[in-house]
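# Take a look and give me a structure for this.
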Amino acid sequence: MSGKIILLVEDNPDDVTLTLRALKKNNIANEVVVAGDGAEALEYLMATGKYAKRAIADLPEVVLLDLKLPKVGGLEVLRAIRADPRTQMLPVVILTSSTEERDIIASYQLGANSYIRKPVDFDQFVDAIRQLGLYWLVLNQAPPANH
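Residues are numbered from 1 along each chain as shown. Predicted structure coming up:
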């Protein structure tokens, strides 16, 4: 499962470490780009700011997006992804601790492909990441680039 980039948008360093450990434990060797806030995620996706030299066509295979982010919130990031023709088809998985019904509804209304609540238990989290990796990086057929 390598060669396909995962964009992890997460501001909590402990959750970043946990996610990276879970990916490694499941032998998911994909490159993971970590954006620590919503503004950095949008800079990466739109190839602006410190990512201006990145080819915008080289999009990640999947975005794992937290909702509670500094600078630009997760729902705003999702809205911007869906509003831009270059990124509107990009698979976005909401990976958050929020169980609020309004967050779930808003995420799907804005075009999230999936909404997954982070399990508190590490073994459950590892299993959730394994299933995410299997589906989004192996089984799912993404649309061709530039469509």
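
# C-alpha from now on. contacts and neighbour counts both.
Will do.

# mind showing which ranges of the protein have poor pLDDT?
Applying pLDDT under 70 to the chain flags the ranges 1-3, 120, 138-140, 143-147.

# could you show me where the strands are in it, in order?
Ranges of strands in the chain, per DSSP state E, are 6-9, 32-35, 62-65, 92-96, 114-117.

# Name the residues that touch the fourth one?
When contacts are taken as CA atoms under 8 Å, 6 or more residues apart in numbering, the neighbours of strand 92-96 outside the stretch itself are 62-68, 78, 107, 112-118.

# Please name the bridge partners of the spatially most central residue of the chain.
In the chain, the C-alpha nearest the mean C-alpha coordinate belongs to residue 64, at 1.8 Å (CA atoms, centre = their mean). Beta-bridge pairing for residue 64 (DSSP bridges): residue 8, residue 93.

# now it: how far from residue 90?
11 Å (CA to CA, to the nearest Å).

# Tell me which residues touch residue 22, please.
By CA under 8 Å, 6+ apart, the contact list for residue 22 reads 125, 126, 129, 130.

# Now intersect those with the helices, please.
Mapping those onto helices (DSSP state H) picks out 125, 126, 129, 130.

# which two in those are spaced the farthest apart?
Taking CA to CA, the two most distant members of the ones in helices among the contacts of residue 22 are 125 and 130; they sit 8.5 Å apart.

# can you give me the helices for the chain?
Using DSSP H, the helices of the chain run over 13-25, 38-46, 74-83, 101-109, 122-133.

# Can you point out the buried residues in the third one?
I take that to be helix 74-83. By 16 or more other CA atoms under 10 Å, the buried positions in helix 74-83 come out as 74, 75, 76, 77, 78, 79, 80, 81, 82.
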